[in-house]
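Asks: Any chance you can model this:
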Amino acid sequence: MKSRKPKDKESRVKINGAESIKMKNNRKKKNMKRLGGGGLSLEAFANAKSTSNFYNPALIKKQQEFYKNAKHVKKYKRLLKQQSLKHDASSSINPLEDEIETENGRIRSTKNKNSKNNSIPSLKELYEKKHEEKEKARIEMEALNQAKKEQREKAEARRKATKEKMFKKTRAGQPVMKYRIEHLLETIQNSTKN
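Replies: Numbers count the residues shown, from 1 in each chain. Take a look at the predicted model:
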């Protein structure tokens, strides 16, 4: 690497104090330009508003619930609009087809009044259907829970009986081997079956 000092003594010029300060300031200005300004003052830094980039699960949950509700409302409005369009279309077309003029000039409708109710299931019927389905599901779940409970109770009684037999002692304080051998025999037989 080349040395930056000039080799000959004549080219070296001493700089007095005022000029060296000027050069330092000049260098400082160049560096500031190069780095993009002087930065924030302490007061500006203290008063600067920070963005809320932090993780807040409650806020996220709230936003998700808001968007979910908005989606449901939009779907509901779309369904209402579709039903009103169907209703308007059916009422505007059907009277022309179903009206017949009688001899005395009156217009009589051949369409049955209850046919509209038969074609579109009423809300009450839908509610009853759903209620019945829920009731069936609840009864099935209760039956399953009852069966599991009985099974659990049987297993617990069996374990309790086995535990009593296994902990039986002779007068001398030794375990009774009869029940232990029976238990070993049962486990071997069960393992051969499976």
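
Asks: moving C-terminal of the lengthiest helix in the chain, what's the next helix or strand?
Replies: Assignment by DSSP state H gives helix 123-166 as the longest helix of the chain. Following helix 123-166 in sequence order, the next helix or strand is helix 177-193 (DSSP states H and E).

Asks: Kindly calculate the angle that that next one makes with helix 123-166.
Replies: With axes from the mean of the first three to the mean of the last three Cα atoms, to 10 degrees as the basis, helix 177-193 and helix 123-166 are set at 130 degrees to each other.

Asks: Could you number the chain from 41 rather than 1 from now on?
Replies: Sure thing, new numbering starts at 41, so read that last one as helix 217-233.

Asks: Pull helix 217-233 out as PDB, backbone CA atoms only.
Replies: Only the C-alpha atoms of helix 217-233 are listed here, as PDB (Å, rounded to 0.1, in the frame of the first residue of the first chain):
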ATOM      1  CA  MET A 217     -49.200 -66.100  45.300                       C
ATOM      2  CA  LYS A 218     -52.500 -67.800  44.200                       C
ATOM      3  CA  TYR A 219     -53.900 -64.500  42.900                       C
ATOM      4  CA  ARG A 220     -50.600 -63.300  41.400                       C
ATOM      5  CA  ILE A 221     -50.300 -66.500  39.400                       C
ATOM      6  CA  GLU A 222     -53.900 -66.300  38.200                       C
ATOM      7  CA  HIS A 223     -53.200 -62.700  37.000                       C
ATOM      8  CA  LEU A 224     -50.100 -63.800  35.100                       C
ATOM      9  CA  LEU A 225     -52.100 -66.700  33.500                       C
ATOM     10  CA  GLU A 226     -54.900 -64.300  32.400                       C
ATOM     11  CA  THR A 227     -52.400 -61.800  30.800                       C
ATOM     12  CA  ILE A 228     -50.700 -64.700  28.900                       C
ATOM     13  CA  GLN A 229     -54.000 -66.000  27.700                       C
ATOM     14  CA  ASN A 230     -55.100 -62.500  26.600                       C
ATOM     15  CA  SER A 231     -51.800 -61.900  24.700                       C
ATOM     16  CA  THR A 232     -52.200 -65.300  22.800                       C
ATOM     17  CA  LYS A 233     -55.800 -64.400  21.800                       C
END
